[in-house]
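In: Could you work out the structure for the sequence below:
(one chain, ligands or ions: 1)
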Amino acid sequence: MTDTQPTTTSGGTAADRGPSLENLLHETRAFPPSPEFAAQANAQASLYDEARADRLEFWARQARELVTWKTPFTQTLDWSEAPVAKWFADGTLNAAYNAVDRHVEAGHGDRVALYFEGEPGDTRTVTYADLQREVVRAANALAALGVGKGDRVVIYMPMLVESVVAMLACARLGAPHSVVFGGFSADALRSRIADAKATLVITADGGYRRGAPSALKPAVDEALSGAGASSVRHVLVVRRTGQDVEWTEGRDVWWHEAVEAADTFHEPVWVGAEHPLYILYTSGTTGKPKGILHTTGGYLTQTAYTHKNVFDLKPETDVYWCTADIGWVTGHSYVVYGPLVNGATQVLYEGTPDTPHRGRWWELVEKYKVSILYTAPTAIRTCMKWGEDVPAGFDLSSLRVLGSVGEPINPEAWMWYRRVIGGDRTPIVDTWWQTETGAIMISPLPGVTAAKPGSAQVPLPGVAADVVDDEARPVPDGGGGYLVLTEPWPSMLRGIWGDLERFKDTYWSRFPGLYFAGDGAKKDEDGDIWLLGRVDDVMNVSGHRLSTTEIESALVSHDIVAEAAVVGAADDTTGQAVVAFVILRGEHAERAGTPDGAHEVQQELRNHVAKEIGPIAKPRRILVVPELPKTRSGKIMRRLLRDVAENRTVGDATTLADSSVMELIAAGLSTNRSADD
Ligand code: PRX
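Out: Numbers count the residues shown, from 1 in each chain. All right, here's what the predicted structure looks like:
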């Protein structure tokens, strides 16, 4: 979620976590819905029956009821070009019209869409009518800068009202946006701009973070100064902090000037249901981020459907708050599209949870009477660490549904969330999904499901998931294996931008005909699903996805590094932490031989990773080693390195090409350890 939030007791891959897995599966507590909640819930058990009876008709009904179509669709699913799905393909619509205009037309123009709270305490209340005016003018401003249907726009922003407006303005024009998280570096930004061949970048001078202005525009200037980003014609800059910015005449344009000069009428660009809505880059198992492509009609349908049923949204009375940054998929689906398509009122907060004090979130819940809160386990565990007297200082009685996303939530954190934040009263929905799935796939339904702490439990009505073994056979209840999705779903990714083969290879080749999510999972005796973390080289740090290979590439791009291996080690706060093992070149290895020298090298390399990828990818620990454990075929045995990183006895090393390597590593670590920061 935000880049600052801390935690888990459950990191690592399925294989690492045998003992905790056993604990999980002995979890016997269950929390059935209260009769009062069940009676008023949007979702009823009949939803499962309806979806089972006719899955496609079920989705068609959701699409008709939750989304407004310019031209109604007549076809629900076309799977003839699998694995590229077409949902509702002959319908036409516009995402921004669905998120904004139609609510105003329905007489809800005065309803608050966004309660914006800046980190310094400045506030802004934006109604749906206000949002419509802003999006219309921004769309005209973008059009005046040459943005048209199909053009890609990169958005690199803090959490501001303008960030939401920018995304919707793109959608209004049929111009796919690609939001790049503001914590990514200039290099990461450049590679995403280049891959998407974006023509416009929307950014801000900066945003407020931990009580101080934090600049963004310099990273854009740097990204555009290098080779590869020549597609960009203009940079639109929101003034947020007022800090000085470099200005490239002819290229840079102030947002407020462009918007003020823009016309107040704009006809939405009606697009086919399969028109690209956005590209969002995410880490995979190789060094090159994948541009996950989402299209319009199916995506809006499933984000609206899940938002309505999983959070039990009542748009007239609820105040909803999802703490995710718009730079991640959760911000796309559950800050922008799902809630706005449903006409929700929500809180949008710019800053960190502990600025100016550790009760800031709870103060906001009290102030805005937040009734639905959606956040990440890492944030919950951090709050646990800060102590329950912090939230106890605020009135949290407005809360009625709590959600969790991004990583497995350990039962202890789940129980704390329910008791301390939810007053022992609120249902908790542990929602499993991915950037690729676009919307929630596995989750309890509040009012229907008896919730089990730590389990995402059941595929939503309309979603088909299973846990399979190596041979793609469904495991029996009580068994473990790989999580797969067995039928196409409306908000599924339509590909990896510009790389159809990689799309097929990454998700569809491991188990032919099934979507392989990359997660390990277990079915308990009731058939409920427990997620166990990634089984590939993807790490999950504070709910953020990072690739081991990407960080390794960043490390070896530094002159002094000869070889690098990165692992995600279990961490009580951040779920997993990045631990890097590096072999240094020549004299640098000697330099790292003293505690001071090792410290210096570690700092240099951590800063280098921050520069290459972003501060979120900085290794927590860097261990300088003389060798890396490799098999005879040259594959690094990360399992053994994880044992070292987690201070465990090193496991079976018999397949190593050179069995003395682990001893060498252990011998060298005393110097490194003392130098860890
Ligand atoms: O490993 C799973 C974990 O997060 C991965 C997806 O990461 P990303 O695409 O960045 O999207 C995060 C927000 C949807 C998954 O492959 N994950 C996400 N939600 C859960 C989860 N693991 C366990 N339980 C969850 N509820």
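
In: got the residues of the protein near the ligand?
Out: Residues of the chain found near the ligand (C-beta under 6 Å from any ligand atom) are 282, 329-330, 405-408, 430-435, 456, 517-519, 531, 533-534, 540, 545. In short, each C-beta sits where N, CA and C put it, glycine included.

In: Looking at the residues you listed, which are in helices?
Out: Among these, the ones falling in helices (DSSP state H) are 329-330.

In: Buried ones only from the residues of the chain next to the ligand, please, as a PyMOL command.
Out: In PyMOL, this line selects whichever of the residues of the chain next to the ligand come out buried by 16 or more other C-beta atoms under 10 Å:
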select buried, resi 282+329+330+405+406+407+408+430+431+432+433+434+435+456+517+518+519+531+533+534+540+545
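
In: So the nearest residue to residue 177 once chain neighbours are set aside: helix, strand or coil?
Out: Using C-beta to C-beta, 6 or more residues apart in numbering and skipping residues adjacent in sequence, the residue nearest residue 177 is residue 170, 4.1 Å away. Under DSSP: H, G, I helix; E, B strand; the rest coil, residue 170 falls in the helix class.

In: picking up where we left off before, just the ones of the residues of the chain next to the ligand in strands?
Out: The strands, defined by DSSP state E, take in 282, 405, 430-431, 517-519, 531, 533-534, 540, 545 from the residues of the chain next to the ligand.

In: how about the residues you listed in TSV, adding pLDDT and distance to residue 62?
Out: Compiled in TSV, these are given as follows (pLDDT from 0 to 100; distance: C-beta to C-beta, whole Å):
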residue	pLDDT	distance to residue 62
282	94	26
405	96	21
430	98	22
431	98	17
517	94	22
518	95	27
519	95	25
531	94	25
533	88	31
534	88	30
540	90	30
545	88	28
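
In: Might you report the residue contacts of the residue nearest to residue 392 when sequence neighbours are not counted?
Out: Once flanking residues are discounted, residue 392 sits nearest to residue 420: 7.6 Å by C-beta to C-beta, 6+ apart. Contacts here follow C-beta atoms under 8 Å, 6 or more residues apart in numbering; on that basis residue 420 touches 383, 388, 391-392.

In: Only the buried residues of the host helix or strand of residue 501, if you could.
Out: Residue 501 belongs to helix 500-503 when assigned by DSSP states H and E. Residues of helix 500-503 classed as buried under the neighbour-count rule (16+ other C-beta under 10 Å) are 502-503.

In: Quick check: mean pLDDT of it?
Out: For helix 500-503, mean pLDDT rounds to 96.

In: After the helix or strand hosting residue 381, which helix or strand is next?
Out: Per DSSP H and E: residue 381 is located in helix 377-386. Per DSSP H and E, the first helix or strand lying C-terminal to helix 377-386 is helix 389-392.

In: Could you check how far that following helix is from the centre of its chain?
Out: In terms of C-alpha atoms, centre = their mean, to the nearest Å, the centre of helix 389-392 is set 28 Å apart from its chain centre.

In: how about the CA coordinates for that helix, as CSV?
Out: Extracted as CSV, the C-alpha positions of helix 389-392 are listed here (Å, rounded to 0.1, in the frame of the first residue of the first chain):
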residue,chain,number,x,y,z
ASP,A,389,-3.5,2.8,23.2
VAL,A,390,-3.0,4.8,20.1
PRO,A,391,-6.3,3.9,18.3
ALA,A,392,-8.0,3.7,21.7
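
In: buried stuff in that helix?
Out: Going by 16+ other C-beta under 10 Å, helix 389-392 has these buried residues: 390-391.

In: Residues contacting that helix, please?
Out: By C-beta under 8 Å, 6+ apart, the list of residues contacting helix 389-392 reads 358-359, 362, 383, 420-421.

In: what would those look like in TSV with pLDDT?
Out: Formatted as TSV, the contacts of helix 389-392 follow (pLDDT from 0 to 100):
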residue	pLDDT
358	97
359	98
362	98
383	96
420	98
421	98
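
In: Quick one: buried ones out of the residues you listed?
Out: For the contacts of helix 389-392, buried by 16+ other C-beta under 10 Å: 358-359, 362, 383, 420-421.

In: What pLDDT does the model give the residue lying closest to residue 239 once chain neighbours are set aside?
Out: In space, residue 239 comes closest to residue 205 once its chain neighbours are excluded; the distance is 5.7 Å by C-beta to C-beta, 6+ apart. Listed pLDDT for residue 205 reads 98.

In: what about residue 205, neighbour count?
Out: Residue 205 is flanked by 21 other residues according to other C-beta atoms under 10 Å.

In: is it true that it touches residue 235?
Out: No. Using C-beta atoms under 8 Å, residue 205 is not in contact with residue 235; the gap is 11.3 Å.

In: Tell me how many other residues crowd the residue nearest to residue 334 when sequence neighbours are not counted.
Out: Sequence neighbours aside, residue 322 is the residue nearest to residue 334 in space, at 4.6 Å (criterion: C-beta to C-beta, 6+ apart). Per other C-beta under 10 Å, the neighbour tally for residue 322 reads 27.

In: what residues are up against residue 322?
Out: Here residue 322 is in contact with 330-331, 334-335, 339, 346, 373-375, 403 (C-beta under 8 Å, 6+ apart).

In: Show me how the record splits the protein into domains.
Out: Residue ranges for the domains of the chain, per automatic domain parsing: 128-281, 542-676.

In: right, and out of the contacts of residue 322, which lies closest to the ligand?
Out: Taking C-beta to the nearest ligand atom as the measure, the ligand lies nearest residue 330 of these, at 4.9 Å.

In: Tell me which residues touch the closest one, please.
Out: 1, 322, 324, 374, 405-406.

In: still on that earlier bit, and the two most separated of the ones in strands among the residues of the chain next to the ligand?
Out: 282 and 430 (20.9 Å; C-beta to C-beta).

In: where exactly do the strands run in the stretch 351-500 of the chain?
Out: 372-375, 401-405, 428-431, 465-468, 480-485, 495-496 (DSSP state E, counting those that start in this stretch).
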